[in-house]
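Visitor: Test case, fold it:
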Amino acid sequence: MEKLIDLVGARYSCRGYQARMPEEEKLQYIMECVRLAPSAVNRQPWKFRVVRSQEGREALQSCYQREWFCSAPLYILVVCKV
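Guide: Alright, predicted model coming up:
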């Protein structure tokens, strides 16, 4: 059985993205996994938004102008209710 420390040690931060959009089927799978993620008392105090439009992407890129960030074909935003 893998230990949490092994999983944490094996993680990485992606700094390179392909220019193409992911297949819709894969994106929907990811969003379904997100929707079903557990939370305390099943409150799910979050919302997820997929930003694909050029206008939306440019607005986000103006906030964080790193080359690796600006090269992503879309963004999945996580907004938390506090």
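Visitor: okay, CA-based contacts and neighbour counts for the rest of this
Guide: Fine.
Visitor: Leaving out chain neighbours, which residue sits closest to residue 45?
Guide: The shortest distance from residue 45 to any residue that is not its chain neighbour, by C-alpha to C-alpha, 6 or more residues apart in numbering, is 5.2 Å, and that residue is residue 81.
Visitor: Roughly how far does the one you found sit from residue 43?
Guide: 10 Å (C-alpha to C-alpha, to the nearest Å).
Visitor: on that earlier part again, phi, psi for the residue nearest to residue 45 please.
Guide: Residue 81 adopts backbone torsions of phi -80, psi 130, taken as degrees, to the nearest 10.
Visitor: and it, how many neighbours?
Guide: Taking other C-alpha atoms under 10 Å as the neighbour definition, residue 81 ends up with a count of 7.
Visitor: Next one, pLDDT for it please.
Guide: As predicted, residue 81 sits at a pLDDT of 79.
Visitor: hang on, isn't it packed against residue 46?
Guide: Yes: proximity of residue 81 to residue 46 meets the contact threshold set by C-alpha atoms under 8 Å, at 5.9 Å.
Visitor: need the strands for the chain, in chain order.
Guide: Counting by DSSP state E, one finds strands in the chain at the ranges 46-51, 75-80.
Visitor: elements contacting the helix or strand of the chain with the lowest mean pLDDT?
Guide: Evaluated with mean pLDDT, DSSP states H and E, the helix-and-strand set of the chain has its lowest mean pLDDT in helix 4-10, which scores a mean of 89. Other elements packing on helix 4-10 under the criterion 3 or more C-alpha pairs under 8 Å, 6 or more residues apart in numbering; DSSP states H and E are absent; no helix or strand qualifies.
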